[in-house]
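> Generate a structure from the sequence data that follows.
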Amino acid sequence: LSEVMDIPYARSIEVSPDGSLAAISFAGFTPPEGERESWIEIRELPSGDLVRQITDTEMGGIDWAPKGRLLSFTAGKSLKVLDMETGVVTEITGGLEDLGGYMWGPEGDFIIYSLTEKPETDETGVKRHLGLYDRTEYGRNISSLYIASWPPGASRRITSGRRSVHVHDIHPDGRFALVG
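Have a look, this model is predicted:
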């Protein structure tokens, strides 16, 4: 049964802005321990020839920069960028607990990403429900947005408060972001 259930599967596929490459994020389990493994394959289009394979821990969240040949991805607690021209992988942010989604700026000169903050645990084990959402384990988590420059340099928090915030889109000139 494990030969059928634990086969590697594609988690997401992203095509480069120029349409020449496809990045495919895979996940699977290694027998016999059943440990999770993940990797990214970059394939040439339309031939499907393998150009490059990247293996790291807990990989996912792939996205191409809007300009150039830069592929970003999450790996564990880091956000990284692979330069397809040089083959160099650069870490934009590292050591981030609960890294959420991210989005490239329209010119490819920054990335907006989210981090989730979990509430402190109460030693009494009693939780006052303020609403239906409190019934979930993530009901009081708060997501905040951060911006990181590319090439890597400065990174700073751009939202805070008692409510979660997510980026939905970025204006074409990069000066405004639609958050909700």
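> and the closest residue to Gly95 other than its chain neighbours, how far is that from Leu115?
Spatial nearest neighbour of Gly95, excluding adjacent residues (Cβ to Cβ, 6 or more residues apart in numbering): Lys77 at 5.6 Å. C-beta here means a position set from N, CA and C on the backbone, and glycine is covered the same way. Going from Lys77 to Leu115 by Cβ to Cβ, to the nearest Å gives 10 Å.
> so what sits against both of the two?
Common neighbours of Lys77 and Leu115, using Cβ atoms under 8 Å, 6 or more residues apart in numbering, are 96-97, 99.
> Compute the number of surrounding residues for Thr116.
Close neighbours of Thr116, defined as other Cβ atoms under 10 Å, add up to 15.
> Now the phi/psi pair for it, please.
The phi/psi pair for Thr116 (degrees, to the nearest 10) reads phi -100, psi 130.
> Identify the bridge partners of it.
In this structure, Thr116 bridges to Ser143 when assessed by DSSP bridges.
> now Ile7: how far from Ile40?
Ile7 is 18 Å from Ile40, by Cβ to Cβ.
> Can I take it that Asp134 is in a helix?
Yes: with DSSP: H, G, I helix; E, B strand; the rest coil as the criterion, Asp134 is assigned to a helix.
> residues touching it, list them.
Residues near Asp134 by Cβ under 8 Å, 6+ apart: 127-128, 140.
> just the strands in the chain please.
9-15, 21-30, 35-44, 50-55, 59-64, 70-75, 78-83, 89-93, 99-104, 110-117, 142-149, 155-157, 167-170, 177-179 (DSSP state E).
> Quickly compare these and say which is most buried.
With neighbours defined as mean count of other Cβ atoms under 10 Å, these peak in mean count at strand 70-75, which reaches a mean of 23.
> that older thread, now the residue nearest to Gly95: how far from Gly19?
32 Å.
> which one of those two has more residues nearby?
Neighbour count, other Cβ under 10 Å: between Lys77 and Gly19, Lys77 has more, with 14 against 9.
> Let's see if you can find the most crowded of the contacts of Asp134.
The residue in those with the most neighbours, by other Cβ under 10 Å, is Arg140 (16 neighbours).
> Skipping its backbone neighbours, what lies nearest that one in space?
Pro119 (4.4 Å).
> Next, count neighbours for the one you found.
If we define neighbours as other Cβ under 10 Å, then Pro119 has 11 of them.
> Next: Asp18.
11.
> Can you give me every residue that contacts the nearest residue to it once chain neighbours are set aside?
Once flanking residues are discounted, Asp18 sits nearest to Arg69: 7.8 Å by Cβ to Cβ, 6+ apart. By Cβ under 8 Å, 6+ apart, Arg69 lies in contact with 16, 18, 21, 83-85.
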